[in-house]
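*Asks:* fold the stuff below for me.
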Amino acid sequence: MFDKLDDILIRLEEILNELNEPTVANDTARFQKLMKEQSDLQPIADAYREYKNCKQTVEDSLMMLDEESDPEMREMLKEELSDAKKRIEELERDLKILLLPKDPNDEKNVIVEIRAGAGGDEAALFAAEIYRMYVKFAESQNWKTDMMSLNENGIGGFKEVTFMINGRGAYSRLKYESGVHRVQRVPETESGGRIHTSTITVAIMPEAEEIDFHLDMNDCKFDVFRASGNGGQCVNTTDSAVRLTHIPTGIVISCQDEKSQLKNKDKALKVLRSRLYEMELEKRHDEEAEARRSQVGTGDRSEKIRTYNFPQGRVTDHRIKLTLHRLDGVLNGDLEEIIDNLTAADQAAKLTKMNEK
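*Replies:* This is a model prediction of the structure:
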């Protein structure tokens with residue numbers, strides 16, 4: 001590990017020297033690549049330098065304790081020694097986490113698909129609430145959201161909604177949200193006051209660029225049709241909506257949110273490319289079954305990951321057995337504690353696996 005850390009310090013120095021050269025800014029691609037590499041390596045280098053400083057403090061304190069006879073000075077040195085040793089343990093763990101292989105998709109934007117499952121209209125209403133939860137979380141992170149497609153049920157619920165979240169690191173924060181979300185509550189339509197259980201599925205997909213996944217346009221069939229539902233007079237009176245069919249897989253994507261047929265076509269292609277990319281990633285994960293089992297949540301849409309219990313005002317994430325008694329806050333987008341705990345659990349699982357090798 002320490003040889004690798006020493007190499008990182010050397011590489012960071014090389015990057016900084018190159019960035020200081022006047023000509024580097026003329027090559028935009030090279031400049032951006034160097035800045036990205038510096039951004040990735042700087043936290044590791046900072047932690048390693050602090051680690052080395054703490055190790056030096058331990059050595060100096062031990063040497064001074066051998067020579068010091070004054071009781072007060074000895075007590076101060078012992079305290080300094082204890083603090084440095086404790087910090088070394090913390091930094092060793094931090095460095096191991098920082099050196100874990102990075103998910104290449106972590107910095108990407110995400111496309112989110114939410115679909116109503118069991119429960120009819122109640123599931124659709126819950127799907128709309130979960131959509132709003134993610135929109136509010138995105139707002140708290142200063143990320144932008146962009147509606148891709150929406151299929152409503154007429155009473156404010158969403159049978160299906162697809163939208164994009166644009167923001168650096170969106171995938172790294174939201175990738176654990178894929179799976180089945182379950183709600184337990186008394187529906188407004190229930191006269192007997194009985195608690196019903198309904199489900200929705202959430203899929204979090206990294207936005208796929210052409211470089212990630214080449215989409216053969218010969219495999220795609222486009223149809224245009226007149227948009228329906230809300231959207232204004234222009235949307236509803238022109239053939240602006242687009243239906244995209246991917247012939248090899250049978251995947252069908254409809255987009256009608258934009259007034260422009262071209263914009264709807266572009267959105268449909270983004271969704272299709274990301275969905276096919278996710279299928280490719282899932283295939284790779286299946287081929288690495290052992291690695292997949294070590295992760296927190298497989299991203300499988302059939303996996304029940306979380307329950308939102310309204311009568312008791314609690315949210316439970318089943319993967320890490322975390323229960324929070326603040327349902328309203330979570331539904332208002334306060335997902336930080338859940339996401340932080342999921343990230344920590346995933347890192348711990350990966351560290352354990354790494355230590356077993």
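*Asks:* quick one: low-confidence ranges for the stretch 201-350 of the chain?
*Replies:* Within the stretch 201-350 of the chain, the ranges that satisfy pLDDT under 70 run 210-213, 227-238, 284-302.
*Asks:* tell me the strands in it, going along the chain?
*Replies:* Ranges of strands in the stretch 201-350 of the chain, per DSSP state E, counting those that start in this stretch, are 220-225, 241-246, 251-255, 304-309, 314-317, 322-324.
*Asks:* nearest to residue 103, of those?
*Replies:* Distance to residue 103, taken as C-beta to C-beta, is lowest for strand 304-309 among the strands of the stretch 201-350 of the chain, at 18.3 Å. Every residue, glycine included, has its C-beta placed from N, CA and C.
*Asks:* related to what we said a few turns ago, Serialize the strands of the stretch 201-350 of the chain to JSON lines and add fields for distance to residue 198 and mean neighbour count.
*Replies:* Formatted as JSON lines, these follow (distance: least, C-beta to C-beta, whole Å; neighbours: other C-beta atoms under 10 Å):
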{"stretch": "strand 220-225", "distance to residue 198": "31", "mean neighbour count": "14"}
{"stretch": "strand 241-246", "distance to residue 198": "28", "mean neighbour count": "20"}
{"stretch": "strand 251-255", "distance to residue 198": "24", "mean neighbour count": "19"}
{"stretch": "strand 304-309", "distance to residue 198": "10", "mean neighbour count": "19"}
{"stretch": "strand 314-317", "distance to residue 198": "15", "mean neighbour count": "19"}
{"stretch": "strand 322-324", "distance to residue 198": "20", "mean neighbour count": "14"}
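*Asks:* compile the ones you listed into a markdown table and extend it with columns for distance to residue 113.
*Replies:* Listed next are the strands of the stretch 201-350 of the chain as a markdown table, based on distance: least, C-beta to C-beta, whole Å:
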| stretch | distance to residue 113 |
| --- | --- |
| strand 220-225 | 19 |
| strand 241-246 | 15 |
| strand 251-255 | 10 |
| strand 304-309 | 15 |
| strand 314-317 | 20 |
| strand 322-324 | 24 |
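*Asks:* residue 122: which of these is closest?
*Replies:* Of these, the one closest to residue 122 (C-beta to C-beta) turns out to be strand 304-309, at 12.3 Å.
*Asks:* parallel or antiparallel, list what pairs with that closest one.
*Replies:* Strand 304-309 pairs in its sheet with strand 179-185 (parallel), strand 314-317 (antiparallel), by DSSP bridges.
*Asks:* Serialize the ones you listed to TSV and add fields for distance to residue 38.
*Replies:* Converted to TSV, those look like this (distance: least, C-beta to C-beta, whole Å):
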stretch	distance to residue 38
strand 179-185	36
strand 314-317	35
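*Asks:* nearest to residue 335, out of those?
*Replies:* Across the strands paired with strand 304-309, closest to residue 335 is strand 314-317 (C-beta to C-beta), at 9.6 Å.
*Asks:* quickly find the element holding the residue in the chain sticking out farthest from the centre.
*Replies:* Most distant residue from the mean C-alpha position of the chain: residue 69, 55.4 Å away (C-alpha atoms, centre = their mean). Following DSSP states H and E, there is no helix or strand that holds residue 69.
*Asks:* give me the contacts around stretch 329-347.
*Replies:* 97, 100, 129, 132-140, 173-174, 176, 295-297, 308, 315, 317, 319-320, 322, 324, 326 (C-beta atoms under 8 Å, 6 or more residues apart in numbering).
*Asks:* again, only using 6 Å
*Replies:* Stretch 329-347 has contacts (C-beta atoms under 6 Å, 6 or more residues apart in numbering) with 97, 133, 136-137, 140, 173, 176, 295-296, 315, 317, 320, 322.
*Asks:* buried residues in it, which are they?
*Replies:* By 16 or more other C-beta atoms under 10 Å, the buried positions in stretch 329-347 come out as 330, 331, 333, 334, 335, 338, 339, 341, 342, 343, 345, 346.
*Asks:* give me the subset of the contacts of stretch 329-347 lying in helices.
*Replies:* Counting by DSSP state H, the contacts of stretch 329-347 place 97, 133, 136, 137, 140, 173 in helices.
*Asks:* just the closest of those residues to residue 26, please.
*Replies:* Residue 26 lies nearest to residue 173 out of the ones in helices among the contacts of stretch 329-347, by C-beta to C-beta, at 35.0 Å.
*Asks:* name the nearest residue to the closest one, sequence neighbours excluded.
*Replies:* In this structure, residue 173 finds its nearest non-sequential neighbour in residue 339, 5.6 Å apart by C-beta to C-beta, 6 or more residues apart in numbering.
*Asks:* please tell me how far the one you found sits from residue 142.
*Replies:* The gap separating residue 339 from residue 142 is 16 Å, by C-beta to C-beta, to the nearest Å.
*Asks:* what's the closest of the buried residues of stretch 329-347 to residue 20?
*Replies:* For these, the nearest to residue 20 is residue 343 (34.7 Å; C-beta to C-beta).
*Asks:* from residue 335, how far off is that closest one?
*Replies:* Look at residue 343 and residue 335: by C-beta to C-beta, they are 12 Å apart.
*Asks:* can I get the contacts of stretch 329-347 in JSON lines including distance to residue 269?
*Replies:* Formatted as JSON lines, the entries for these read as follows, by distance: C-beta to C-beta, whole Å:
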{"residue": "97", "distance to residue 269": "37"}
{"residue": "133", "distance to residue 269": "27"}
{"residue": "136", "distance to residue 269": "28"}
{"residue": "137", "distance to residue 269": "26"}
{"residue": "140", "distance to residue 269": "30"}
{"residue": "173", "distance to residue 269": "25"}
{"residue": "176", "distance to residue 269": "27"}
{"residue": "295", "distance to residue 269": "29"}
{"residue": "296", "distance to residue 269": "32"}
{"residue": "315", "distance to residue 269": "35"}
{"residue": "317", "distance to residue 269": "34"}
{"residue": "320", "distance to residue 269": "36"}
{"residue": "322", "distance to residue 269": "38"}
